[in-house]
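Peer 1: using only what follows, build the 3D model:
(2 chains)
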Amino acid sequence: MSGENVAIHRLLDEAFAGIAMSPDVQDLKEEIRSNLVDRVAELEAGGTSSADAARHAVDELGDVGAIVRGEFPDAVPEASVVLGDERAPDRLVTGTHPSGGPDSGVRRSDDPGGTHASGVPGSGTHPSGGFGSGAPAGRPGGDGHHPRSEPASSLAARHRVRPRPGYVAVTVLMSIVLAGALVGTVLAAIGAARADAEGWLPAVFAVVAAGALGWLVGASLAQETTTNYPMPAGRAALFGLGWALVLLGALLAIAHLFVAAPYAWYALDGLALVAGVVLLAYLAATSTNRTKPWALEQGRRHAEAGSRFDEDPATAARFGIYTVALWALTGGAILVVGFTFGWVWVPIPALLGFAVFMLMLARMNFGPARK
Amino acid sequence: MSNTEAPDDAFAADLLRGHTDTIVLGALRGADRYGFEIYKAIRDATGGGYEIKEATLYAAYRRLVKDGLIEAYWGDESQGGRRKYYRITDAGRAVYRNNVRAWVATRRIIDSLLGTEGDRTKGNHR
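Peer 2: Presented below is the predicted three-dimensional model:
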């Protein structure tokens, strides 16, 4: 087993020779390595000798320089690394490709030279996602196709998704139901405590409230918005169920508090509450990205525009110390004002402290650059 | 597919490559997979006739990760090299569904334009 591994690693190192290593490139190399190991194992299982298998797998991989250049344009000098000598003519095509993307993406597998695919021009810049433009959010996966200078407002306008009228109407209705059921639960519980109302009435209101909240949460998550894709229906329903359980447990506990119910009932309420929390925690831990590509890109741009604190730790540290000092002073001022002029006047030093804090933040993080 | 007996290779390859991102998303729908698994799944699905080259796939992974449609993480294999796994995100599922919907609609249109409606005897699942 170790013999062909050595061959793979040697060939891989050769392929990456001359490529400037960065953590990202190293990451890609390790990914390629693990995939190569699997491919070689498969070839060997098919009866290929270990040295041939390693050579064949690396040949199949094609031009590593093209892969790396496609992903990290700065890492590779223009004269790219050539793996298989017989495929050298392809290098010229790939090397001068303006996008630098990995070319010749698909080939007949019975065509080892990849000559067919290399006849396809411009394949590095094909619209990714193919027919994906059917998505209301525009073509997914399109990177760098729109100019970076496009302002956020026009981006948002182009990707705008209007809420569905039916959803809005039902949401308003459900919100009213929820509010009514919340009030109803408390009133019914008070009534039940005075024996004016039936004992089961609060529970009915609580169930209605929980159902309304669950619907609101689930339906909202399943909506597509300007910045988010809809959550899959099953997952959204589970989120709704989780919140419904939490509200149900809490409301029932409150109702039981009013009627001074036996402790066994609280255990049931707690069970519903805990089940809801557990479900929500599970869902939160397994959640994945829902943000649309354009919004992600937007966020990256904002991060780039940047915070001076990220670039200048000394300023950040100074800001931290000033903050502590400011709030210590504000706290002292609050106490002094409270004890001397009366606690009614306390919001004034608190507000002043907050204003100074915001000014400080604006000056130190976003102020004009220091020489 | 075996029913593509002698097509224009470049044309067919281009058509297939145009859907690389959607194909990768589809391969990740059921479970998290690492590069070679995805590659193999695609190769098996094409009956070995065509394959999407690794270079194209690496570029697709990178693009999909950047767009938040898939997430990458390193596996914790105790022996051998660690593998980089990909997981489809909710955004990726939504994009996949949209793309499939668009593809089905487009296929219908093209079939009707080319007069090939009756020809779809196989491969029309999904």
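Peer 1: distance of the nearest residue to residue B:68 once chain neighbours are set aside relative to residue B:103?
Peer 2: Excluding the flanking residues, the one nearest residue B:68 by Cβ to Cβ, 6 or more residues apart in numbering or on different chains is residue A:289, at 4.1 Å. Using the backbone N, CA and C atoms, a C-beta is placed for each residue, glycine as well. Distance of residue A:289 to residue B:103, given as Cβ to Cβ, to the nearest Å: 23 Å.
Peer 1: next: residue B:19.
Peer 2: Per Cβ to Cβ, residue B:19 is found 7 Å from residue B:103.
Peer 1: give me the more crowded residue out of the two.
Peer 2: For residue B:19 versus residue B:103, neighbours defined as other Cβ atoms under 10 Å in any protein chain shown are more numerous around residue B:19 (21 against 17).
Peer 1: biggest helix in chain B, by residue count?
Peer 2: The single longest helix within chain B, with elements called by DSSP state H, is helix B:90-114.
Peer 1: how about it against chain A, any contact?
Peer 2: Yes - Helix B:90-114 lies within reach of chain A by Cβ under 8 Å from any Cβ of the partner chain, at B:90-95, B:98-99, B:101-103, B:105-106.
Peer 1: just the buried ones from the residues you listed, in ChimeraX syntax?
Peer 2: What follows is the ChimeraX syntax for the buried subset of the residues of helix B:90-114 next to chain A, where burial is set by 16 or more other Cβ atoms under 10 Å in any protein chain shown:
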select /B:90,91,92,93,94,95,98,99,102,103
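Peer 1: any stretches of chain B with poor pLDDT?
Peer 2: By pLDDT under 70, the weakly predicted segments of chain B are B:1-8, B:48, B:78-81, B:119-126.
Peer 1: tell me the residue of it that sits nearest chain A?
Peer 2: Ranked by Cβ to the nearest Cβ, the top residue of chain B for proximity to chain A is residue B:102, at 2.9 Å.
Peer 1: quickly list the domain ranges of chain A.
Peer 2: A:2-114, A:165-289, A:301-366 (automatic domain parsing).
Peer 1: could those domains be laid out in CSV, adding mean pLDDT?
Peer 2: Formatted as CSV, those follow (pLDDT from 0 to 100):
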stretch, mean pLDDT
domain A:2-114, 68
domain A:165-289, 92
domain A:301-366, 89
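Peer 1: residue closest to the middle of chain B?
Peer 2: Chain B has residue B:23 as the residue nearest its centroid, 1.4 Å off, counting by Cα atoms, centre = their mean.
Peer 1: secondary structure element holding that one?
Peer 2: With secondary structure defined by DSSP states H and E, residue B:23 is part of helix B:20-28.
Peer 1: and that helix, what does it pack onto?
Peer 2: Judged by 3 or more Cβ pairs under 8 Å, 6 or more residues apart in numbering or on different chains; DSSP states H and E, helix B:20-28 is in contact with helix B:35-45, helix B:54-66, strand B:70-74, strand B:84-88, helix B:90-114.
Peer 1: please repeat the previous calculation with a cut-off of 7 Å.
Peer 2: helix B:35-45, helix B:54-66, strand B:84-88, helix B:90-114 (3 or more Cβ pairs under 7 Å, 6 or more residues apart in numbering or on different chains; DSSP states H and E).
Peer 1: mean neighbour count, those: which tops it?
Peer 2: The highest average neighbour count among the helices and strands packed on helix B:20-28, using mean count of other Cβ atoms under 10 Å in any protein chain shown, belongs to helix B:54-66 at a mean of 23.
Peer 1: list the helices and strands that one packs on?
Peer 2: helix A:64-71, helix B:20-28, helix B:35-45, strand B:70-74.
Peer 1: so who does residue 34 touch?
Peer 2: Reading this off chain A. Applying Cβ atoms under 7 Å, 6 or more residues apart in numbering or on different chains, we find residue A:34 in contact with B:34, B:81-84.
Peer 1: wrong one, I was asking about chain B
Peer 2: Residue B:34 is in contact with A:34, B:75, B:83-85, counting by Cβ under 7 Å, 6+ apart.
Peer 1: out of everything not next to it in sequence, what's closest to it?
Peer 2: Here the residue nearest residue B:34, using Cβ to Cβ, 6+ apart, is residue B:83, at 4.1 Å.
Peer 1: and that neighbour, how close does it get to residue A:352?
Peer 2: In terms of Cβ to Cβ, residue B:83 sits 57 Å off from residue A:352.
Peer 1: just the element for residue A:27, please.
Peer 2: Judged by DSSP H and E, residue A:27 forms part of helix A:23-45.
Peer 1: also residue A:254?
Peer 2: Per DSSP H and E: helix A:233-258 holds residue A:254.
Peer 1: by how many degrees do that helix and helix B:90-114 diverge?
Peer 2: Calculated by axes from the mean of the first three to the mean of the last three Cα atoms, to 10 degrees, helix A:233-258 forms an angle of 140 degrees with helix B:90-114.
Peer 1: after helix A:233-258 comes which helix or strand?
Peer 2: helix A:263-285.
Peer 1: CA atoms only: put that next one into CSV for me.
Peer 2: C-alpha atoms of helix A:263-285 as CSV (Å, rounded to 0.1, in the frame of the first residue of the first chain):
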residue,chain,number,x,y,z
TYR,A,263,-46.9,19.8,40.5
ALA,A,264,-47.4,16.9,38.2
TRP,A,265,-48.9,19.3,35.7
TYR,A,266,-45.8,21.5,35.7
ALA,A,267,-43.7,18.5,34.9
LEU,A,268,-45.8,18.0,31.7
ASP,A,269,-45.5,21.7,30.9
GLY,A,270,-41.7,21.5,31.4
LEU,A,271,-41.6,18.4,29.2
ALA,A,272,-43.2,20.3,26.3
LEU,A,273,-40.9,23.3,26.9
VAL,A,274,-37.8,21.2,27.0
ALA,A,275,-38.8,19.1,24.0
GLY,A,276,-39.2,22.4,22.1
VAL,A,277,-35.9,23.7,23.2
VAL,A,278,-34.1,20.5,22.3
LEU,A,279,-35.7,20.4,18.9
LEU,A,280,-34.8,24.1,18.3
ALA,A,281,-31.2,23.5,19.5
TYR,A,282,-30.9,20.5,17.1
LEU,A,283,-32.3,22.6,14.2
ALA,A,284,-29.9,25.5,15.0
ALA,A,285,-26.9,23.2,15.2
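Peer 1: pull out the buried positions in that helix.
Peer 2: A:269, A:272-273, A:275-276, A:279-280, A:283.
Peer 1: give me the distance from that helix to the chain's centre.
Peer 2: Taking Cα atoms, centre = their mean, to the nearest Å, the mean C-alpha location of helix A:263-285 is offset from the chain mean by 27 Å.
Peer 1: ok, now stretch A:235-247?
Peer 2: Averaged over its C-alpha atoms, stretch A:235-247 has a centre that lies 21 Å from its chain's centre (Cα atoms, centre = their mean).
Peer 1: closest to the centroid, which residue in chain A?
Peer 2: Closest residue to the average C-alpha location of chain A: residue A:289 at 3.6 Å, with Cα atoms, centre = their mean.
Peer 1: what does stretch B:82-89 contact?
Peer 2: Stretch B:82-89 is touched from outside by A:31, A:34, A:288-289, B:25, B:28-29, B:32-35, B:61, B:68-75, B:77, with contacts defined as Cβ under 7 Å, 6+ apart.
Peer 1: and residue A:227, backbone torsions?
Peer 2: Backbone torsions for residue A:227, taken as degrees, to the nearest 10, come to phi -110, psi -10.
Peer 1: repeat that for the one 4 residues further on.
Peer 2: Per-residue torsions, residue A:231: phi -80, psi 140 (degrees, to the nearest 10).
Peer 1: that one: neighbour count?
Peer 2: 25.
Peer 1: for the nearest residue to it once chain neighbours are set aside, give me its contacts.
Peer 2: By the measure of Cβ to Cβ, 6+ apart, the closest residue to residue A:231 outside its immediate chain neighbours is residue A:221, 4.3 Å from it. For residue A:221, the contact set (Cβ under 7 Å, 6+ apart) comprises A:231, A:236, A:239.
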